[in-house]
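Student: The sequence and its predicted three-dimensional model are supplied below.
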Amino acid sequence: RKKMVSGLINENPIVYEIKERRDVRAYSSNTDELSVDAIDQLEVFDILFVSHHIRDIKDPEHPYSLEQLKVLTEDSVEVDDTKSRVRVTFTPTVEHCSMATIIGLCVRVKLMRSLPSRYKIDIRVAPGTHATEAADSDQFG
């Protein structure tokens, strides 16, 4: 007979200091509103369309952001603007995190709603950080 798990999977996560936010206007040099600006790692992580920050997504179990828990970092975002591809690799706080699928899907939905439709979005679990990383990564497209 299986025992039901009650409580949090990671009751006492390590909470990290977050980086200072940067102003989106400081990174856009193009004044022609009809042209297409390139999107980079910084925009996806930090300043993407002002209010849609993947860094601010809250952890499903805690009142902390994914950035505060180092589930996502600026370095976890890869952008190839010429190929219209964005890859985000996240690191669950524990190897047996039952919320990994939810986290990956939240990041994917946030990007789908924020990025122009020309971008292919690839969400991955960092290699060696989760017991079911291959299965989880397949679910995120």
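Tutor: Structure's in. What do you need?
Student: all contacts plus neighbour counts: C-alpha atoms, from now on.
Tutor: Will do.
Student: Doesn't residue 88 belong to a helix?
Tutor: No. Assigned with DSSP: H, G, I helix; E, B strand; the rest coil, residue 88 falls outside any helix and is strand.
Student: Quick check: the gap between it and residue 100.
Tutor: 13 Å (Cα to Cα, to the nearest Å).
Student: ditto for residue 127
Tutor: In terms of Cα to Cα, residue 127 sits 13 Å off from residue 100.
Student: And these two? Which one has more around it.
Tutor: residue 100 (25 against 12; other Cα atoms under 10 Å).
Student: What pLDDT is listed against the nearest residue to that one once chain neighbours are set aside?
Tutor: What sits nearest to residue 100 in space, not counting adjacent residues and going by Cα to Cα, 6 or more residues apart in numbering, is residue 92, at 6.3 Å. Predicted confidence (pLDDT) for residue 92: 92.
Student: and residue 92, that's in a helix?
Tutor: No. Secondary structure of residue 92 (three-state DSSP): coil, not part of a helix.
Student: hang on, it packs against residue 129?
Tutor: Yes. Counting by Cα atoms under 8 Å, residue 129 is a contact partner of residue 92 at 6.6 Å.
Student: who has more neighbours, the two?
Tutor: residue 92 (24 against 16).
Student: where along the chain do the helices fall?
Tutor: 41-42, 100-114, 133-139 (DSSP state H).
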